[in-house]
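I'll drop the sequence and a predicted model, then ask my questions.
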Amino acid sequence: DAGFIDLANKSESYDICFVPDNDYRAFLKHRLPNLEASVEGGDYFYKGKKVGTHRGYPFYTIGQRKGLDLAMGDPVFVKEIIPETNTVVLGDLDDLKEMEINVRDFNLIKYAALPQDYVALTKIRYKDAGRLSTINTIDNKLNIVFHESATAIAPGQSAVIYEGDDLIGGGFIDRKPFVGL
């Protein structure tokens with residue numbers, strides 16, 4: 001069987017497969033030894049105020065709570081990452097909720113084009129149950145408005161659209177324009 005039986009019975013991986021122990025921070029430090037020194041000292045902002053400094057924006061992800069090395073009293077999460085200024089914006093759990101995204105580089109599978117105000121199920125991560133959304137095409141992007149909020153949406157994540165069990169298409173969540181701290 002050349003080992004294919006074992007491979008077929010192996011549980012599916014949901015993490016970055018080439019990163020040992022799923023520790024992408026250690027992976028970055030190993031592959032780019034000067035990275036940490038070149039980006040350390042960036043600022044944390046919370047509710048418009050600087051509240052501390054961090055190790056550098058590449059070491060954080062949207063929605064991250066652990067490893068912030070910051071005592072705030074109540075739980076805070078990474079809300080936004082601004083690479084141009086090495087800024088990490090923090091927020092409460094409610095601050096992570098979004099009602100709308102734009103999707104770039106999308107491919108439609110089932111239809112050549114979508115009608116205006118098309119309603120379908122949109123998933124933004126692998127284990128996401130999805131949520132109903134209204135979808136419009138604007139300037140070569142999909143504008144997706146969720147009927148219920150989604151949490152910790154990160155630029156670069158996939159957004160995948162379904163109609164029942166049928167795959168309609170998908171693309172990459174676009175970076176939101178920076179609107180302030």
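Ah, there it is. Numbers count the residues shown, from 1 in each chain.

who's Tyr162 bridged to?
On the basis of DSSP bridges, Tyr162 is bridged to Leu121, Leu167.

burial of it, as a residue count?
Around Tyr162 there are 16 other residues, counting by other CB atoms under 10 Å. In short, each C-beta sits where N, CA and C put it, glycine included.

Please apply the same query to Asp74.
6.

give the contact list for it.
The contact partners of Asp74, taken as CB atoms under 8 Å, 6 or more residues apart in numbering, are Asp92.

Check whether it sits in a helix, strand or coil.
coil (DSSP: H, G, I helix; E, B strand; the rest coil).

Compute the distance between it and Gly41, please.
25 Å (CB to CB, to the nearest Å).

In this protein, which residue is most central in space?
The chain has Ala154 as the residue nearest its centroid, 2.3 Å off, counting by CA atoms, centre = their mean.

Just give the nearest non-adjacent residue to that one, would you?
Spatially, and ignoring its direct neighbours in sequence, Ala154 is nearest to Ile62 (3.7 Å; CB to CB, 6 or more residues apart in numbering).

Low-confidence bits of the protein, can you list those?
1-22, 176-181 (pLDDT under 70).

50 instead?
1-15, 178-179 (pLDDT under 50).

Okay, domains of it per the record?
39-91, 96-173 (automatic domain parsing).

Columns distance to Ala26 on top of those, output as a markdown table?
Conversion of these to a markdown table gives the following (distance: least, CB to CB, whole Å):
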| stretch | distance to Ala26 |
| --- | --- |
| domain 39-91 | 10 |
| domain 96-173 | 20 |
